[in-house]
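[1] Sequence first, predicted model second:
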Amino acid sequence: TFPTDSKLHKKIIKKTLKIVQDEQLPIRQSYTRILKKLSVDQRFRNHPRNKSKARKADKKVKTIAGRLVRELERNLSPDSIHQKTILFFKQVLTQTRGSKHKIYSLHEPDVLCISKGKEHKKYEFGNKVSIVKTQNTGVIVGAMGFRNEFDGHTLKPALEQVNRMIGKEPKTVSVDRGYRGNTQIGVTQVQIPKPFNDKKQTKYQQKKLKEAHRKRAAIEPVIGHLKTDHRLGRNFYKGIIGDNLNIMLAAAAFNFKRMMNKWKPSFFVFIQNLFTQLYCCRLNWIIRSKIAF
């Protein structure tokens, strides 16, 4: 679900009460009934009549979370294993809407908010992924994870990974306008869509550029298949290392699936020929046995 501060505060209350129960600590009030009433007040917050009531409920939930955290800190010993957790809860409670290095998830603090700039999906929560594929064969030769860098700054590390994977640097690379600011990296010429210059480019060069950018658009469905079919859309591994592992496994799965689809016709032909030969051998054996009889 969409991560909001109110949800984080409710999770802090839940985890705090869990620590109290596990450590068998005294507590003045658990606020169970009050939180149920506040949850009702937080519903339908977009209606004009409910906005002020929802804001007051959000503020009250944050206040309760702060009370429980402070009470837990007083009751715990200084050398308790939960001291780091309390500091983490305090950081979440003190952050504001415009805070830098904001925490969006308690179980995965490394999640970042990435602005998409699209009307149907303004934000995504996770980290960026750079995918490199060949234009002719469609094989993924590079897949890297980044935090929230500008797209143009991710191009050089991605090309370095391609050089490590295949042992040579590509002569040209076709990218979209999000990578603007790069014209050449090492020996690799960067092709970005822009209006043609008739004085400097021949018709043949313009035709080649058009074909290259049409082929570049083929990476969009590849990214879509990686997200929906190979679990790149949601990562279940822990931390930044888990993000990178998920990216590499998704890219490898895409390449394996592509090779399996290429082997399917030849495999079916092999099975069909095998059954045909077995059927012919069985038929010849029946004919011979009848003649011998």
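    That came through, no problem. Numbers count the residues shown, from 1 in each chain.
[2] who are the neighbours in contact with the residue nearest the centre of the chain?
    Nearest residue to the geometric centre of the chain (C-alpha atoms, centre = their mean): Gly233, 4.6 Å. Taking C-beta atoms under 8 Å, 6 or more residues apart in numbering, we find Gly233 in contact with Lys227. (Glycine included, C-beta is placed from N, CA and C.)
[3] Is it correct that it falls within a strand?
    No: Gly233 is assigned coil when assessed by DSSP: H, G, I helix; E, B strand; the rest coil, not a strand.
[4] Val190 versus that one, what's the distance?
    Distance, Gly233 to Val190, by C-beta to C-beta, to the nearest Å: 28 Å.
[5] Now do stretch 101-121: distance to the chain's middle.
    For stretch 101-121, the separation from the chain centroid amounts to 11 Å (computed by C-alpha atoms, centre = their mean, to the nearest Å).
[6] Show me what counts as buried in that stretch.
    Lys102, Ile103, Tyr104, Leu106, Glu108, Asp110, Val111 (16 or more other C-beta atoms under 10 Å).
[7] which one of those residues sits closest to Asn46?
    Distance to Asn46 across the buried residues of stretch 101-121 (C-beta to C-beta) is lowest for Tyr104, with 21.2 Å.
[8] which residues touch the closest residue to the closest one other than its chain neighbours?
    Nearest residue to Tyr104 in three dimensions, chain neighbours excluded: Pro3, at 4.3 Å (C-beta to C-beta, 6 or more residues apart in numbering). Counting by C-beta under 8 Å, 6+ apart, Pro3 makes contact with Tyr104, Ser105, Val111, Phe125.
[9] 10 Å instead?
    Contact partners of Pro3, counting by C-beta atoms under 10 Å, 6 or more residues apart in numbering, are Lys102, Ile103, Tyr104, Ser105, Leu106, Val111, Cys113, Tyr123, Phe125.
[10] Next: Arg180.
    Applying C-beta under 10 Å, 6+ apart, we find Arg180 in contact with Phe150, Asp151, Gly152, Val190, Ile192, Pro193, Lys194.
[11] Now go through these and say which are in strands.
    Counting by DSSP state E, the part of the contacts of Arg180 found in strands is Val190.
[12] Could you check the strand or helix carrying Ala65 and say which residues are buried?
    Taking DSSP states H and E as the criterion, the element that holds Ala65 is helix 51-75. By 16+ other C-beta under 10 Å, the buried positions in helix 51-75 come out as 53-54, 57-58, 60-62, 64-66, 68-69, 71-73.
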